[in-house]
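**Student:** Predicted model and sequence below, questions to follow.
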Amino acid sequence: MRQFTYTVYLPGQKKTVQIEELKFNRYKHLVKNITNDNDEIIISFFDELLKDLCIKEENVKDYSFLDKLILLLTVRSVCVSPELELTGTCPETKNTFNFSVKLVDLIDRLQNLNLPEDVYSITKKYNNGNLIVELGMPSILNVGITDLSIINTVIRKIILNNEDVTNVKEEIADHLPAAVLKDISDYINFFSKSLSDVTILSVKSPFAMNEAIEIPLNLFSSSIINFLKICFKRNLMSLYELEYFLVNHLNIDYELIRDATPAELNIYINLFKEEKRQEKDRMSKGNKALNPLQP
Amino acid sequence: MSSNVSDILKQLETLNASAGISVYIPSLKKAVRFKNLNLKQQKDLLKSSIDDTLTKLSFTTKFYNIIQENAIDILDINKLYTFDRSAIALSLRANGLSSTYNGINLNDVITQTQTIDISPESLGTTLNVQDLTVNLEAPTLGVDRDVNLTTTAKLKNVSDKDVKTLVGELFVHEIVKFIKSITFKTESGEQIVNFSELKVDDKITVTEQLPSTVTGKILDYIKSYRAFESKFVTLNEISVEVDSSFFSV
């Protein structure tokens, strides 16, 4: 049976990709990992998740961090909830306030950053063109400032003597001329500078007009992975309570719960609440009929 | 056409060798062909900047291996001097990465190194103190590496914060690098200790027994040699520090 899919445009790939649904069971595992708060494991979980959900994409693991961010925010928006509800602290007054963000607006902004083309990808030639290396945005969601693993993720394509040898990139990268590193360094500086003013989120404080809470699109400050954790975080206990309620009170088959999206389960809960509300209304009307003196 | 990894690595090796550079070696007074640095070598050098804090031990050991791996022409690197290392580093940096470093044109530094006079006095001297004759020689890369490996092993468990231990070890090890032989004059004749025949630990043991008057004079020579060595990385009185950070981009 063909699964339901939804789509999103990725500026790095310059194409629209299909995404399958994030099912409750997988979401629960994600929440467990986020609760455990090991960034390395969470990043690896996100990569595996995208590989499984973007089934038609051969190498989604190598997509740029920006494309991955757009994919994950789309998954969050479609399968969990289209809004992100947050509590912020005013930078000036330190008062807390609640606000919500429409994820579709964030996705739209990230898709239309109007960055120069060579921020997404740039081609460098070495040894009279016998070696061509294409550099592009890193594919990892978080990079330590001294983390040399960024080097391999920036190399997107290698053409050696007119042959595309990108498929053995990991094995041969160390043997490339050191001049590649200089170009990688220049490229990273260039794209970091190009993204320096871009924020994932910017919310004005209601307590101080000139102050805003901002989350920068900075690969080197953990801001991206931290934002994704916020997007998918949920009280783990509430997920168990939800399962318990759906199985024991609504008698929903566990297989259906496991394979539904968190957003779908929310629909069941809302239907139940609506049913209870109508029941309460009916009872209230019934009581009125029995007691003509009740206003 | 589809190649396997070893074929691709051979192609890259050939490409790197064909793009080899000519490096002037001051002690040999001639140019030798070298392959440019590759990504792994540069990453190793960058990593050594994390290993090296107070010392340059990790850098010098890694750079010794690079000289050995990248020399295309036949070269006995153990007989090169430490100032040759600086000259090679300048050339590899200038050709492989960028010829400008901290506003200095490295090619200008390289050109002027070819005019430096390497006199026998620069490469060694003899000290006569009381009944001792100490022959000193500028350290070759072979001696430098051997002593550095011993120092690294000894300092493995010493924290950078333990500056006293660190400086004490480095002091003796630095002296050892410069001693070629020691002759003890006794009533029965002369006893010559040739350092090239000793293990590094034995060299250290002998050196530690030298009177402070002798070590003081050795330090004077080391000082004058280091001043001579710095000429190979200096232009218009501005010196380039050749360590792992020199290869950062």
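**Tutor:** Here it is on my side, so go on.
**Student:** Quick one: residues in contact with stretch A:177-185.
**Tutor:** Surrounding stretch A:177-185, the residues in contact under the criterion Cβ atoms under 8 Å, 6 or more residues apart in numbering or on different chains are A:124, A:126-127, A:131, A:133, A:135, A:151, A:154-155, B:16, B:19, B:36-39, B:41-43, B:96-98, B:247, B:249. Where you see a C-beta, it was placed from the backbone N, CA and C, and this is true even at glycine.
**Student:** from those residues, which would you call buried?
**Tutor:** Neighbour counting by 16 or more other Cβ atoms under 10 Å in any protein chain shown classes A:124, A:126-127, A:131, A:133, A:135, A:151, A:154-155, B:16, B:19, B:36-39, B:41-43, B:96-97, B:247, B:249 among the contacts of stretch A:177-185 as buried.
**Student:** Keep only those of those that are in strands.
**Tutor:** Of the buried ones among the contacts of stretch A:177-185, the ones assigned to strands by DSSP state E are A:124, A:126, A:131, A:133, A:135, A:155.
**Student:** roughly how far apart are the last one and chain B?
**Tutor:** The spacing between A:Ile155 and chain B, counted by Cβ to the nearest Cβ, to the nearest Å, is 9 Å.
**Student:** just checking, that residue touches A:Met137?
**Tutor:** No. In this structure, A:Ile155 sits apart from A:Met137 without contact. The criterion is Cβ atoms under 8 Å, and the distance is 11.6 Å.
**Student:** Residue numbers of chain A in contact with chain B?
**Tutor:** If contact is defined as Cβ under 8 Å from any Cβ of the partner chain, the residues of chain A in contact with chain B are A:127, A:130-131, A:146, A:148, A:151, A:160-161, A:163, A:165, A:168, A:171-182, A:185-186.
**Student:** Take those and keep only those in strands.
**Tutor:** Short answer: the residues of chain A next to chain B in strands (DSSP E) are A:131, A:160, A:163.
**Student:** how many neighbours does B:Pro211 have?
**Tutor:** Here the neighbour count serves as a burial measure; for B:Pro211 (other Cβ atoms under 10 Å in any protein chain shown) it reads 10.
**Student:** hmm, back to that, and the ones in strands among the buried ones among the contacts of stretch A:177-185, which is closest to B:Ser86?
**Tutor:** Distances from B:Ser86 to those, taken as Cβ to Cβ, are shortest for A:Tyr126 (26.3 Å).
**Student:** Please name the nearest non-neighbouring residue to the closest one.
**Tutor:** Sequence neighbours aside, A:Pro177 is the residue nearest to A:Tyr126 in space, at 5.7 Å (criterion: Cβ to Cβ, 6 or more residues apart in numbering or on different chains).
**Student:** just A:Ile172 next, same as before
**Tutor:** B:Ile8 (5.5 Å).
**Student:** So the one you found, which state does it fall into?
**Tutor:** For B:Ile8, the assignment made with DSSP: H, G, I helix; E, B strand; the rest coil gives helix.
**Student:** From A:Asp253, how far out is it?
**Tutor:** In this structure, B:Ile8 lies at 53 Å from A:Asp253, with Cβ to Cβ, to the nearest Å as the measure.
**Student:** Quick check: which ranges of the chain have low pLDDT?
**Tutor:** All of this refers to chain A. Per-residue confidence of chain A (counting by pLDDT under 70) places the weak regions at A:144-148, A:288-295.
**Student:** My question was about chain B, not that one.
**Tutor:** Using pLDDT under 70, chain B drops low at B:1-3, B:50-55, B:159-163, B:166.
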